[in-house]
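A.B. asks: sharing a model prediction with you, sequence too.
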Amino acid sequence: MPQKNTKKTDKEKTATTRTTSTKDTHTHKYIFVVGGVMSGVGKGVTTASIGTILQSKGFRVSLIKADPYLNVDAGTMNPTEHGEVFVLDSGLETDQDMGNYERFLNKSLLPENYMTNGMVFKYVIDKERALGYKGKCVEPVYHITEEILRRIKASIEKTDSEITIFEIGGTVGEYQNAIFLEAARMLRLKHPKDVMFVVVSYLPVPGTLGEMKTKPTQNAVRQLNSYGINADMIIARSHIPLDHKRKEKIALSTGVPVDNVISAPDIESIYDVPINFENDGLSERVLEHFGIQARQKDLVQWRAMVARRKNTKKELKIAVIGKYFDTGDFVLSDAYLSVIEAVKFSSWASGAKTKLTWINSKEYETSPKKISELKNFDGVIVPGGFGESGIEGVIMAIKFARENKIPYFGLCYGMQLAVIEYCRNVLGWKDANTAEINPKAEHLVIDIMPEQKKLLEAGKYGASMRLGAYTAFLKKGTIAEKAYGTESVGGKISERHRHRYEVSPEYIAEIEHGGMVFSATSPDGRLMEIAELPKSVHPFFLGSQFHPELKARPLSPHPLFTAFVQACLKNKAK
Ligand code: GLN
């Protein structure tokens, strides 16, 4: 009797595989954004802009930034070298690109939206040390790539998204980001129709030639090919728009369809980018790639915001006084990126354009007379900071703003230093100080938080500050309460923090007795979250222990920044 063959023939096997793949219900779409030619040409803004467009077409979009460095988070990096540390609600300290993501998507992101090589490697190594790989040889490929893909999957679940846009930090060809590219390649292998690769490239126009050169872009795309990845779209960043001839040249040499070569010339404002992309048909091409259709009319609110920016009639001059200004214009704008953007949003919403002037506070220490230049400004901001350098100059500036009734807005350190200035010059405690500068001062009006003291004594610096979103309650009848208006229900607010020091509980009562109002506190009443002077004394003198700039968005400006800008406008009109 012939034996019944239970084994499947090769043909049957293929059929089964086919059936499985047609049954594949995986519908999530992935867009990987990688840089070609050089960094710093707007890969983050490109990623965020594609997100804005797709979100406005009715899709649930999630953005992920993958940074190639080994720091486990961005918290330990110097802002003058790496730019601002952007803190999420969760307290995760991330790269400044995450700020752009939140501002462009108009929503708060989760820890799952961010990863660094350090974070991924640490997880795998910790797991290996805990015998989590059960005796296997643990290797970058497959275990690191597997961990990157696990994180992407976790982010999809946590964010309930349909489209993930994943920005790979650095530039193609670097050793550091190769592992992310390898993970992306593997994902495409698994879901060929659901993955798209976008290369953000740069096309120089050398002054001597006056002609736009495409060769570096061609080479970058070829380099990506060497990883086993074909580009599907090229965002061609350049000083000027790309002509059709250049698009054809790039298309021919890279195999990317000519319509998928998107022109991205320099623009006045990054908030124009989504609109420019749309003018060049970007989203149509993306949706076509995935075979999906838009669900609603796009960018309505966004266009209205951009129109507001273009229609500003009034002009404001605001001085920003701090210390990270030694290294030139390029760096300082990155170190305070969210502050700059927050001022813009509130200004546009108030019909104004604001020019920020950066003042290094050390200048006031060496030439005190210079301080009178502050009279020429409509308002003064002191942003967050750490350490001793330039601090006496900052305090001089705060005193000047207070005495001359120039609107003052202090952010974190700017609030602590305003309290010190008030204690020294109004309450007469000449040595008032913060423990960060002089822990031996008799009037330690700003002191280290007790739990922070323990952490520092144990040498635990990374991710150990009071970080992320905490609830606070506003005091009735204050400037802060009025500013939040309907944005606070029952006086409750939630704002993001990054600090180790606080207004010392020992001095709160005396300072309040001396005229300063603590207009928001933590729910237990222990931490002073906003300090202000009453309107009868000063038109706007307010500082927050938190960083309101981290929650300011173009489509929803922050109420405290708006109140400040409006006070500046009133001051100017005087
Ligand atoms: N250095 C201050 C603190 O740690 C302020 C921090 C900040 O401005 N982010 O409390």
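C.D. replies: On my side now, so go ahead.
A.B. asks: contact partners for H28?
C.D. replies: Listed by Cβ atoms under 8 Å, 6 or more residues apart in numbering, the contact partners of H28 are 156, 161-164, 191, 194. For the C-beta atoms, the positions are set from N, CA and C on the backbone; glycine is no exception.
A.B. asks: repeat the analysis, applying 10 Å as the threshold.
C.D. replies: By Cβ atoms under 10 Å, 6 or more residues apart in numbering, the contact list for H28 reads 62, 152-153, 156, 161-164, 191, 194-195.
A.B. asks: just checking, V199 touches I235?
C.D. replies: Yes. With contact defined as Cβ atoms under 10 Å, V199 counts as touching I235 (7.1 Å).
A.B. asks: so which bits of the stretch 351-500 of the chain are right by the ligand?
C.D. replies: Within the stretch 351-500 of the chain, the positions near the ligand by Cβ under 6 Å from any ligand atom are 384-386, 412-413, 436, 498-500.
A.B. asks: let's see that with 8 Å instead.
C.D. replies: Within reach of the ligand by Cβ under 8 Å from any ligand atom, the stretch 351-500 of the chain has these residues: 383-387, 411-414, 416, 434, 436, 446, 465, 497-500.
A.B. asks: ChimeraX command to pick out the buried ones of these?
C.D. replies: Buried members of those, defined by 16 or more other Cβ atoms under 10 Å, are picked up in ChimeraX with:
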select :383,384,385,386,411,412,413,414,416,434,436,446,465,497,498,499,500
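A.B. asks: so which residue is dead centre in the protein?
C.D. replies: Most central in the chain under Cα atoms, centre = their mean is G99, positioned 1.5 Å from the mean C-alpha point.
A.B. asks: which part of the stretch 101-250 of the chain gets nearest to the ligand, residue-wise?
C.D. replies: Distances between the stretch 101-250 of the chain and the ligand by Cβ to the nearest ligand atom are smallest at E102, namely 18.1 Å.
A.B. asks: is it true that the residue nearest to the centre of the chain touches E93?
C.D. replies: No. Contact between G99 and E93 fails when scored by Cβ under 10 Å: they sit 11.8 Å apart.
A.B. asks: what do those two both touch?
C.D. replies: 85-87.
A.B. asks: sitting in strands, which of those do you find?
C.D. replies: Residues of the shared contacts of G99 and E93 located in strands (DSSP state E): 86-87.
A.B. asks: please report phi then psi for A319.
C.D. replies: Backbone torsions for A319, taken as degrees, to the nearest 10, come to phi -90, psi 130.
A.B. asks: returning to what we had before: mind giving me the packing neighbours of the helix or strand where the residue nearest to the centre of the chain lies?
C.D. replies: G99 is part of helix 97-105 when elements are defined by DSSP states H and E. Applying 3 or more Cβ pairs under 10 Å, 6 or more residues apart in numbering; DSSP states H and E, one finds that helix 97-105 contacts helix 43-56, strand 61-67, strand 86-87, strand 114-116, strand 163-171, helix 337-349.
A.B. asks: can I get these in TSV with mean pLDDT?
C.D. replies: Formatted as TSV, the helices and strands packed on helix 97-105 follow (pLDDT from 0 to 100):
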stretch	mean pLDDT
helix 43-56	96
strand 61-67	97
strand 86-87	96
strand 114-116	97
strand 163-171	96
helix 337-349	97
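A.B. asks: thank you, goodbye.
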